[in-house]
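[1] next comes the sequence, and after it the predicted model I'd like to discuss.
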Amino acid sequence: MSVPVTILCGELGAGKTTLLSRLLEEDEREIAVLVNDVGAVNVDADLVEARTDLTTGEEVLALENGCICCSLGSELSRSVIQLWKEHDFEYLVVEASGVGEPEPIARQFIRGPAGGPYDLDAVVTVVDARRFYDRFGDNTVAAPPAQQGADETGSRPLGDLLLEQIEFCDLLVVNKCDLVSDAEREQVVALLETLQPRAEVVTTEYGTVDPAMLLDSGRFDLEAASDAAGWKQMIQADAAHDGSPPESSSDEHDHGDNDHNHGHDDHSHDHHDHVHPPERYGIEVDTYHRRRPFHPERFLAVLADLPAGLVRAKGLCWIAGRERQAITMSYAGTETCLEVTGRWIASLSDERQAAFRESQPDLSWDEKWGDRETRLALIGRHLSMDDLRARLDDCLLTDAEMDAEWSSLENPAPTGMGDTTVVGDDGS
Ligand SMILES: Nc1nc2c(ncn2[C@@H]2O[C@H](COP(=O)(O)OP(=O)(O)OP(=O)(O)O)[C@@H](O)[C@H]2O)c(=O)[nH]1
């Protein structure tokens with residue numbers, strides 16, 4: 001019988017260890033815990049170990065000096081397989097590093113060798129209600145929170161990773177609710193439900209959650225989780241509304257140099273499609289779709305000065321001078337990350353274009369520009385989406401610019417596959 005696994009995510013200090021310690025105290029099962037921390041000192045393992053009655057068979061294994069989601073992917077598999085071979089336990093909890101992306105960790109238990117002995121049950125993300133409200137709520141503080149900034153690789157803003165953890169999970173535990181008012185808590189929950197419509201949301205203090213919600217819940221479904229993000233659902237609905245198939249692959253993980261296969265719509269430069277859930281707490285959502293490239297400098301200038309109420313913006317964009325590169329734009333509160341996540345099909349050889357188009361008969365195609373386009377999901381509070389759309393429209397090439405030479409434009413956008421350009425709200 002395979003051992004069920006729960007992956008516990010959440011930013012540094014959100015309360016993962018507090019929750020885990022309670023879980024180990026309250027649950028009768030023999031639970032093994034794998035803790036991943038970036039850095040040499042594994043505080044979490046010490047803490048959990050100290051609180052764990054090892055005589056019951058609970059095991060704590062620490063993975064140090066790296067992040068399990070990227071460099072240590074195979075080490076994660078090796079460690080959990082070794083754990084399974086050498087110890088007898090009924091359940092595994094993986095406490096992921098606060099800077100880890102959950103999806104690659106989850107995939108290790110689905111498609112990797114760890115998929116044999118283990119069965120992924122749930123991905124749970126713990127959110128610090130106070131910090132989330134300060135970052136995204138009505139009283140958004142002007143200065144970025146202390147932990148905001150690039151991750152240890154220097155290429156991804158931490159806000160981006162925080163939202164990815166929220167967007168790829170089955171259960172959201174809103175912790176530290178003692179530090180927010182009822183109104184603040186309600187707004188945090190409403191925002192989380194917009195960012196992640198699929199996940200169940202529970203609010204708590206000091207990680208007091210019924211273990212049945214986290215263990216053996218049977219929640220996980222890889223496909224549903226991969227498509228769960230609010231931004232992705234908005235983009236899919238927008239594309240479907242245009243008469244195209246859902247754009248399920250606009251996420252960076254789906255874009256490989258050789259595997260670019262998103263759907264597109266007709267050549268509707270002025271297309272304006274709204275997907276409005278019931279408006280609550282001033283939350284606004286919108287989509288932006290254009291089949292005309294952005295002027296690189298004007299676009300980056302707008303990214304450096306996005307409205308304070310914008311919480312999330314994500315999707316593919318077409319930037320003049322980057323005719324090969326499909327660039328994912330991802331904004332998460334304070335910074336925008338532009339990353340080359342694939343190639344436009346229209347930039348491939350005729351033969352490969354034909355093969356892609358044959359395999360995707362519904363792919364709409366502009367005679368001149370092929371599949372190049374910008375399609376973004378926008379989520380915010382108390383902001384004028386019309387103003388934001390107008391500002392983005394001002395970044396599009398003018399008719400005269402369309403006829404000029406684009407390669408001579410000053411262009412800070414990334415070029416190579418996986419390259420990123422990060423633009424701060426403060427213009428940095
Ligand atoms: N006020 C308040 N403090 C909390 C709550 N939950 C946890 N804390 C405190 O927040 C701090 C961080 O909690 P941890 O459980 O260590 O957080 P973590 O997510 O494991 O942190 P990392 O291991 O750094 O990723 C500790 O001092 C906890 O006592 C809560 O609900 N309210």
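    In hand now; what should we look at?
[2] pLDDT on stretch 6-20, on average?
    The average pLDDT within stretch 6-20 is 91.
[3] parallel or antiparallel, which strands does the lengthiest strand in the chain pair with?
    Using DSSP state E to define each element, the chain has its longest strand at strand 118-128. Using DSSP bridges, the strands paired with strand 118-128 are strand 3-10 (parallel), strand 171-175 (parallel).
[4] tally of neighbours for Ser349?
    By the other CB atoms under 10 Å criterion, the neighbourhood of Ser349 contains 8 residues. C-beta coordinates here come from the backbone N, C-alpha and C atoms, glycine included.
[5] the ligand contacts on the stretch 201-350 of the chain?
    Within reach of the ligand by CB under 6 Å from any ligand atom, the stretch 201-350 of the chain has these residues: Glu205, Tyr206, Gly207.
[6] show me where pLDDT drops low in this protein?
    36-74, 97-100, 139-158, 243-279, 426-428 (pLDDT under 70).
[7] how near is the residue nearest in space to the middle of it to the ligand?
    Geometric centre of the chain, nearest residue: Glu164, 2.3 Å, by CA atoms, centre = their mean. Separation of Glu164 from the ligand (CB to the nearest ligand atom, to the nearest Å): 16 Å.
[8] please enumerate the helices of the protein.
    Counting by DSSP state H, the chain has helices at residues 16-26, 43-51, 73-86, 102-108, 129-136, 158-167, 182-195, 211-214, 222-226, 230-241, 296-303, 350-359, 385-395, 399-403.
[9] next, give phi and psi for the residue in the stretch 251-400 of the chain that the ligand sits nearest to.
    Nearest residue of the stretch 251-400 of the chain to the ligand (CB to the nearest ligand atom) works out as Ala332 at 18.4 Å. The phi/psi pair for Ala332 (degrees, to the nearest 10) reads phi -140, psi 60.
[10] hang on, it packs against Leu162?
    Yes: because the distance of 6.7 Å satisfies CB atoms under 8 Å, Ala332 is recorded as touching Leu162.
[11] touching both of these two, which residues are there?
    Shared contacts of Ala332 and Leu162 (CB atoms under 8 Å, 6 or more residues apart in numbering): none.
[12] circling back to that earlier point, give me the buried positions along the longest strand of the chain.
    Tyr118, Asp119, Leu120, Asp121, Ala122, Val123, Val124, Thr125, Val126, Val127, Asp128 (16 or more other CB atoms under 10 Å).
[13] about what we covered before: in TSV, list the strands paired with strand 118-128 along with distance to the ligand and mean neighbour count.
    Shown next, in TSV, are the strands paired with strand 118-128 (distance: least, CB to the nearest ligand atom, whole Å; neighbours: other CB atoms under 10 Å):
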stretch	distance to the ligand	mean neighbour count
strand 3-10	5	25
strand 171-175	5	25
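[14] still on that earlier bit, mind putting the residues of the stretch 201-350 of the chain next to the ligand into JSON lines with neighbour count?
    Output for these, formatted as JSON lines (neighbours: other CB atoms under 10 Å):
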{"residue": "Glu205", "neighbour count": "14"}
{"residue": "Tyr206", "neighbour count": "14"}
{"residue": "Gly207", "neighbour count": "19"}
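[15] inside strands: which ones of those?
    Among these, no member falls in strands (DSSP E).
[16] just those residues now: which is nearest Leu34?
    For these, the closest approach to Leu34 (CB to CB) belongs to Gly207, at 18.1 Å.
[17] please report phi then psi for the closest one.
    With angles defined as degrees, to the nearest 10, Gly207 sits at phi 60, psi 30.
[18] what separation do you get for the nearest residue to it once chain neighbours are set aside and Leu92?
    Of all residues not flanking Gly207 in the chain, Leu19 sits nearest, at 3.0 Å (CB to CB, 6 or more residues apart in numbering). Leu19 is 16 Å from Leu92, where distance means CB to CB, to the nearest Å.
[19] now do Ser217
    Look at Ser217 and Leu92: by CB to CB, they are 14 Å apart.
[20] who has more neighbours out of those two?
    Leu92 (26 against 17).
[21] in the sheet, who's paired with the more buried one?
    Here Leu92, judged by DSSP bridges, has bridge partners Val5, Ala32.
[22] which ones are touching it?
    Residues counted as contacts of Leu92 (CB under 8 Å, 6+ apart) are Val3, Pro4, Val5, Thr6, Ile31, Ala32, Val33, Leu34, Val80, Leu83, Trp84, Tyr118.
[23] give me the distance between the closest residue to Glu200 other than its chain neighbours and Phe220.
    In space, and not counting its chain neighbours, Glu200 is closest to Leu171: 5.3 Å by CB to CB, 6+ apart. Leu171 sits 10 Å away from Phe220, going by CB to CB.
[24] how about Gly370?
    Applying CB to CB, the value for Gly370 to Phe220 is 37 Å.
[25] still on that earlier bit, anything in contact with each of Leu171 and Phe220?
    Ala122, Val123.
[26] what bridges to the closest residue to Cys317 other than its chain neighbours?
    Leaving out its chain neighbours, the residue that sits closest to Cys317 by CB to CB, 6+ apart is Thr374, at 4.4 Å. Note on Thr374: beta-bridge partners by DSSP bridges are Arg290.
[27] what about Thr374, how many neighbours?
    22.
[28] list the contacts of it.
    If you count contacts by CB under 8 Å, 6+ apart, Thr374 has them with Tyr288, His289, Arg290, Arg291, Pro293, Phe294, Gly315, Leu316, Cys317, Trp318.
[29] please repeat the previous calculation with a cut-off of 7 Å.
    Tyr288, His289, Arg290, Phe294, Leu316, Cys317, Trp318 (CB atoms under 7 Å, 6 or more residues apart in numbering).
[30] surely the fifth one meets Asp371?
    It stands for Leu316. No: counting by CB atoms under 7 Å, Leu316 stays clear of Asp371, with 9.6 Å between them.
[31] rebuild the contacts of Leu92 as JSON lines, extending it with distance to Ala390.
    Below are the contacts of Leu92 laid out as JSON lines (distance: CB to CB, whole Å):
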{"residue": "Val3", "distance to Ala390": "54"}
{"residue": "Pro4", "distance to Ala390": "50"}
{"residue": "Val5", "distance to Ala390": "47"}
{"residue": "Thr6", "distance to Ala390": "45"}
{"residue": "Ile31", "distance to Ala390": "54"}
{"residue": "Ala32", "distance to Ala390": "55"}
{"residue": "Val33", "distance to Ala390": "51"}
{"residue": "Leu34", "distance to Ala390": "49"}
{"residue": "Val80", "distance to Ala390": "51"}
{"residue": "Leu83", "distance to Ala390": "55"}
{"residue": "Trp84", "distance to Ala390": "56"}
{"residue": "Tyr118", "distance to Ala390": "50"}
